[in-house]
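J.: structure for this input, please:
(chains A and B)
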2 protein chains.
Amino acid sequence: MAKPSKSRSASADIPVASWHLRLFRIPGIPEICPGDDLLKLVTIAMRRAAIRFHDGDVLVVAQKIVSKAEGALVRLASVKPSPQALAAAALLKKDPRMIEVVLRESRRIVRRGRVLITETRHGFVCANAGVDHSNVSGDDMVTVLPRNPDRSAKKFAVALRKRTGKRVAVIISDTFGRPWRLGLTNVAIGAAGLPVLLDLRGTLDRHGKPLTATILAVADELAAAAGLLMGKSDGSPVILIRGYRYKPCFQPAARIIRPAGEDLFR
Amino acid sequence: MAKPSKSRSASADIPVASWHLRLFRIPGIPEICPGDDLLKLVTIAMRRAAIRFHDGDVLVVAQKIVSKAEGALVRLASVKPSPQALAAAALLKKDPRMIEVVLRESRRIVRRGRVLITETRHGFVCANAGVDHSNVSGDDMVTVLPRNPDRSAKKFAVALRKRTGKRVAVIISDTFGRPWRLGLTNVAIGAAGLPVLLDLRGTLDRHGKPLTATILAVADELAAAAGLLMGKSDGSPVILIRGYRYKPCFQPAARIIRPAGEDLFR
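T.: Numbers count the residues shown, from 1 in each chain, chains lettered A, B, ... in the order given. Alright, predicted model coming up:
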């Protein structure tokens, strides 16, 4: 994996390294249409930006373009709202066809506020089941989440390896809200090639005490870091992260979902 | 603020830039004791690592060392558990003195699971009110969150400007768990010098449609990005982020706290 850019032990008792992480916004990804070869478009954009893949890179790809490429789009004119959707839409003052799509994408409703917080078929808990009409051409179209974002990520990583010879981890990200804190943050909804959770339990802190309750959601932190460069409106749905050290493995982002039985907030 | 490292318009209709973000782990921060001049120790470590502050940098500092420097430490031997703490500790199979400290730091208990999820005096909802015994010397000591992390961040940023002449934003971070998703992520509990929330409502997506419901919690994304380099056990509590573009301002991290009345999960 990526080597530390510089090694230095400034304090005798602590092995430390000046470790350097870089994130590149990949410009020039065109509007994506169903059936597009996303990897091809990304590699073209990378070439134009004069950035090459390195072994150990992490590529973060916004859900929106994965959904579009996979045709995970719904034309609202084709949607007939159920009585449940009509009732919910009246309360929320929303388009009943939109609510119908949200309900179809959901296992169950977790909360009804100004938006519907639902549990998606994948198990994600988020607003409107990830159904979104921003950055979609046409007033009438919405995107839904990829059917299986982990499979999409794996397919992308495997094809990328085949095409470029480089071992690059792939994260598919979306912006989710959260309780207690305002604002959206980018999180991993699909992953391939890296550990999504980093379990530090059993390791020792700098005073030799074992760390407890310390599992870091590193795939979400990688997605969040990429979110800083993605913006929302100016078409930067692909971010390359270089210098993050990890052991390559296939661990799905579905692993991040907290089992319902252990969750105090469902 | 930081300029794009390269400008390029690979697609005629989208103004894009190859924007480059860098994160530096600052090695060699020593063990911090109450009363230590944290800024001085950080600037010494920066100098040793041959990294200089630039205008527009963002410095992310782990809560743990801020708490230690401010003396936000409690010796458990000095704590007499209340009957409420004794009862809760018996249920949770935890040290009643630790639970007593958690309760003292809390406005109220939000949930009782394997840990106490409480609302801290600041309004943060997190496990154990942020009380922590890892990376503290002595079995008997725990850290509590800084009394006013926004004030701590501002003091640090102002002193840094005075000492170095550079305008650097400061984030004080801690790792919090979250509902629905496993693992901790690093979030901002104190901030100074940058917008903590980026409100994109009213801006247009690439199809000219207004973005709705799009406020990004960028201070949390910056903290999460820094979390990737902080680790837990090997003493890297200070991360420098370079290349993040923002308009300098003083906006407290307290702004990120969702007002209780708008929160569906308290």
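
J.: all strands of chain A, in order?
T.: A:6-7, A:17-18, A:20-25, A:58-62, A:73-75, A:106-112, A:116-120, A:125-127, A:141-143, A:169-176, A:185-192, A:198-199, A:215-216, A:238-242 (DSSP state E).

J.: tell me the strands beside the fourth one, with direction?
T.: Here strand A:58-62 has these sheet partners by DSSP bridges: strand A:169-176 (parallel), strand A:238-242 (antiparallel).

J.: output it as PDB, nothing but the C-alphas.
T.: Extracted C-alpha coordinates of strand A:58-62, given in PDB (Å, rounded to 0.1, in the frame of the first residue of the first chain):
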ATOM      1  CA  VAL A  58      -9.300   4.600  -3.300                       C
ATOM      2  CA  LEU A  59     -11.800   5.900  -5.900                       C
ATOM      3  CA  VAL A  60     -15.000   7.400  -4.400                       C
ATOM      4  CA  VAL A  61     -17.900   7.500  -6.900                       C
ATOM      5  CA  ALA A  62     -21.100   9.400  -6.200                       C
END
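
J.: could you tell me the average pLDDT over it, please?
T.: Strand A:58-62 comes out with an average pLDDT of 98.

J.: just checking, what packs against the lengthiest helix in chain A?
T.: The residue-count maximum for a helix in chain A (DSSP state H) belongs to helix A:149-164. When contacts are defined as 3 or more CB pairs under 8 Å, 6 or more residues apart in numbering or on different chains; DSSP states H and E, helix A:149-164 sits against helix A:38-48, strand A:58-62, helix A:63-69, strand A:169-176, strand A:185-192. For glycine as for every other residue, the C-beta is placed from the backbone atoms N, C-alpha and C.

J.: determine how far that helix lies from the middle of the whole chain.
T.: Offset of helix A:149-164 from its chain centre (CA atoms, centre = their mean, to the nearest Å): 15 Å.

J.: what comes into contact with that helix?
T.: A:38-39, A:43, A:53, A:59, A:61, A:63, A:66, A:70, A:122, A:146, A:166-172, A:189-193, A:250, A:252-254 (CB atoms under 8 Å, 6 or more residues apart in numbering or on different chains).

J.: generate a PyMOL selection restricted to the buried subset of these.
T.: Selection of buried members from the contacts of helix A:149-164 for PyMOL, criterion 16 or more other CB atoms under 10 Å in any protein chain shown:
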select buried, chain A and resi 38+39+43+53+59+61+63+66+70+122+146+167+168+169+170+171+172+189+190+191+192+193+252+253+254
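
J.: so what's the residue count around A:Glu100?
T.: Other residues near A:Glu100 come to 22 when the count uses other CB atoms under 10 Å in any protein chain shown.

J.: now A:His54
T.: 15.

J.: and the gap between it and B:Arg25?
T.: Using CB to CB, to the nearest Å, one obtains 19 Å as the distance from A:His54 to B:Arg25.

J.: also A:Ala225?
T.: 14 Å.

J.: which of the strands of chain A sits most buried?
T.: strand A:185-192 (a mean of 29; mean count of other CB atoms under 10 Å in any protein chain shown).

J.: for that strand, packing partners?
T.: Using 3+ CB pairs under 8 Å, 6+ apart: strand A:185-192 touches helix A:63-69, helix A:149-164, strand A:169-176, helix A:218-230, helix B:218-230.

J.: bridging residues for A:Arg112?
T.: In beta-bridge terms (that is, DSSP bridges), A:Arg112 pairs with A:Leu116.

J.: contacts only, for the residue lying closest to A:Asp174 once chain neighbours are set aside.
T.: Nearest non-adjacent residue to A:Asp174, counting by CB to CB, 6 or more residues apart in numbering or on different chains: A:Gln63, 4.1 Å away. Counting by CB under 8 Å, 6+ apart, A:Gln63 touches A:130, A:143, A:145-146, A:149, A:172-174, A:189-190.

J.: distance of A:Gln63 from chain B?
T.: Between A:Gln63 and chain B the distance is 14 Å, computed by CB to the nearest CB, to the nearest Å.

J.: next: A:Cys126.
T.: On the measure of CB to the nearest CB, A:Cys126 and chain B end up 8 Å apart.

J.: who's that residue bridged to?
T.: Bridge pairing for A:Cys126 - DSSP bridges - gives A:Thr118.

J.: and it, how far from A:Asn148?
T.: Taking CB to CB, one finds A:Cys126 at 16 Å from A:Asn148.

J.: now swap in A:Ala49 and tell me
T.: In terms of CB to CB, A:Ala49 sits 29 Å off from A:Asn148.

J.: so which of the two has more stuff around it?
T.: Higher neighbour count among A:Ala49 and A:Asn148: A:Ala49, with 20 against 16, using other CB under 10 Å.

J.: pretty sure that one sits against A:Thr43.
T.: No: using CB atoms under 8 Å, A:Ala49 is not in contact with A:Thr43; the gap is 10.7 Å.

J.: what's the nearest residue to the residue in the stretch 51-200 of chain A positioned nearest to chain B if we skip its chain neighbours?
T.: Nearest residue of the stretch 51-200 of chain A to chain B: A:Gly183, at 2.9 Å (CB to the nearest CB). Closest residue to A:Gly183 apart from its sequence neighbours, by CB to CB, 6+ apart: B:Ala217 at 2.9 Å.

J.: and A:Val125, by the same measure?
T.: B:Trp180 (4.1 Å).

J.: next one: phi and psi at that neighbour?
T.: Main-chain torsions, B:Trp180, degrees, to the nearest 10: phi 70, psi -30.
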